[in-house]
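>>> sequence-free structure coming up:
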């Protein structure tokens, strides 16, 4: 992984806010990420699991919100999350036709760790999100993701975030190149307080000619280099964005934050085509929401003043834009079903350099 540059290694810095120490979603304390990669010929797929905080996700839920930029997608659990404004499981990312398998595995994980679910209390709302890796590289009809892969991704999650075409991103394409997982973070200072915001992206969208790097039309130059490969004429695919922050935000404020994630996606060049599923999920770790009603049901919760939200909006836009570009640079050239291939943006690093 170390031989692949990140965007900043090429002298390109997105925006004005400082990045966190790892420039990753795990700069938000307690967040962990795990991958399981299935890469063998026509099988190019996998699973990525994101643990939202170090506590128990069901007993101590997190404020959360979702913003659907374009709804051509098959994610699970978003309806209840939008209604109640809470996240109560890890988030699992995978391919479109493996959502059911991943949901069952995530439920099994929650039942094993939470014996009261479905017994002395209600059921659980598993969050599984997806992109379609079968459009170009993966034999998606083979249903190669098993429950064991989801459980292993959850078990192996940690603070180091690997990027590129691995985990759920293994068979993804982005701007006509190899796509996948990317991450970035920003730090916002408000008086004596400092808040971290991190983004993780599963990138599977865009037309090569539309790719922009810090506003520059790099995709056009790449397309001119790839004479023998005809770029797609149609915008299609998907992107999933996760935003995590340790700022004290409620679900309403998190939805406002998630909307800005769409601006970060757009800055890289996509126009959210009709066949693209583009979804942003945001959660905050500052305060948990207890599953059991406390003795005082009117317990006061902290929340950031609305006038303090602007820097976090900027942080979300900058982190999402950079995470997408990090995914493209980290992805290796790859071959999949029917010998189809995707090249890597890192092959054209001289066009990316600032």
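Looks like it arrived, so ask away. This one's a predicted model, so the numbers in the text were calculated from it and none came from an experiment. Residues are numbered from 1 along each chain as shown.
>>> quick one: low-confidence ranges for the stretch 101-250 of the chain?
227-236 (pLDDT under 70).
>>> can you give me the helices in the protein?
Listed in chain order, the helices of the chain (DSSP state H) span 78-84, 99-113, 147-155, 218-225, 251-267, 310-330, 349-352.
>>> any low-confidence regions in the stretch 251-354 of the chain?
Filtered on pLDDT under 70, the stretch 251-354 of the chain yields no residues whatsoever.
>>> swap the cut-off to 80 and go again
For the stretch 251-354 of the chain, applying pLDDT under 80 flags the ranges 299-300, 354.
>>> before we move on, back to that, I'd like to know which of the helices of the chain lies nearest to residue 11.
helix 349-352 (9.0 Å; C-beta to C-beta). For glycine as for every other residue, the C-beta is placed from the backbone atoms N, C-alpha and C.
>>> Which of the helices of the chain sits closest to residue 6?
Residue 6 sits nearest to helix 310-330 of all the helices of the chain, at 5.2 Å, using C-beta to C-beta.
>>> Quick check: buried residues in that closest one?
311-330 (16 or more other C-beta atoms under 10 Å).
>>> orientation of it relative to helix 218-225 in degrees?
On the basis of axes from the mean of the first three to the mean of the last three C-alpha atoms, to 10 degrees, helix 310-330 is oriented at 10 degrees to helix 218-225.
>>> Please enumerate the strands of the stretch 101-250 of the chain.
For the stretch 101-250 of the chain, the strands defined by DSSP state E, counting those that start in this stretch occupy 127-131, 173-174, 177-178, 180-190, 193-204, 236-245.
>>> Pull up the pairing partners for the second one, direction included.
Pointing back at strand 173-174 there. strand 177-178 (antiparallel) (DSSP bridges).
>>> Ok, the longest one next?
The strands that strand 193-204 pairs with in its sheet are strand 180-190 (antiparallel), strand 236-245 (antiparallel) (by DSSP bridges).
>>> which of these is buried the deepest?
Of the strands paired with strand 193-204, the one with the most neighbours on average (mean count of other C-beta atoms under 10 Å) is strand 236-245, at a mean of 28.
>>> Would you pull up how far that strand lies from the middle of the chain?
Mean C-alpha position of strand 236-245 versus that of the full chain (C-alpha atoms, centre = their mean, to the nearest Å) differs by 4 Å.
>>> Likewise for stretch 268-283?
The answer for stretch 268-283 is 11 Å, by C-alpha atoms, centre = their mean.
>>> Tell me the buried residues in that stretch?
Buried residues in stretch 268-283, counting neighbours by 16+ other C-beta under 10 Å, are found at 268-270, 272-273, 276-283.
>>> what sits against residue 33?
Counting by C-beta atoms under 8 Å, 6 or more residues apart in numbering, residue 33 makes contact with 25-26, 48-51, 157-161, 183, 200.
>>> ditto for residue 151
By C-beta under 8 Å, 6+ apart, the neighbours of residue 151 are 105, 108-109.
>>> hmm, back to that, for the strands paired with strand 193-204, which one sits closest to residue 88?
Per C-beta to C-beta, nearest to residue 88 of these: strand 236-245, 15.3 Å.
>>> Report the angle between that closest one and helix 251-267.
Taking the same axes, to 10 degrees, one finds strand 236-245 and helix 251-267 inclined to each other by 130 degrees.
>>> tell me the angle strand 236-245 makes with strand 127-131.
Here strand 236-245 runs at an angle of 140 degrees relative to strand 127-131 (the same axes, to 10 degrees).
>>> I figured residue 69 hits residue 280, correct?
Yes: using C-beta atoms under 8 Å, residue 69 makes contact with residue 280 at a distance of 6.8 Å.
>>> which neighbours do those two share?
Common contact partners of residue 69 and residue 280 (C-beta under 8 Å, 6+ apart): residue 262.
>>> Include distance to residue 334 when you put the buried residues of stretch 268-283 into JSON lines, please.
Conversion of these to JSON lines gives the following (distance: C-beta to C-beta, whole Å):
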{"residue": "268", "distance to residue 334": "20"}
{"residue": "269", "distance to residue 334": "22"}
{"residue": "270", "distance to residue 334": "21"}
{"residue": "272", "distance to residue 334": "25"}
{"residue": "273", "distance to residue 334": "23"}
{"residue": "276", "distance to residue 334": "21"}
{"residue": "277", "distance to residue 334": "22"}
{"residue": "278", "distance to residue 334": "23"}
{"residue": "279", "distance to residue 334": "24"}
{"residue": "280", "distance to residue 334": "26"}
{"residue": "281", "distance to residue 334": "27"}
{"residue": "282", "distance to residue 334": "30"}
{"residue": "283", "distance to residue 334": "31"}
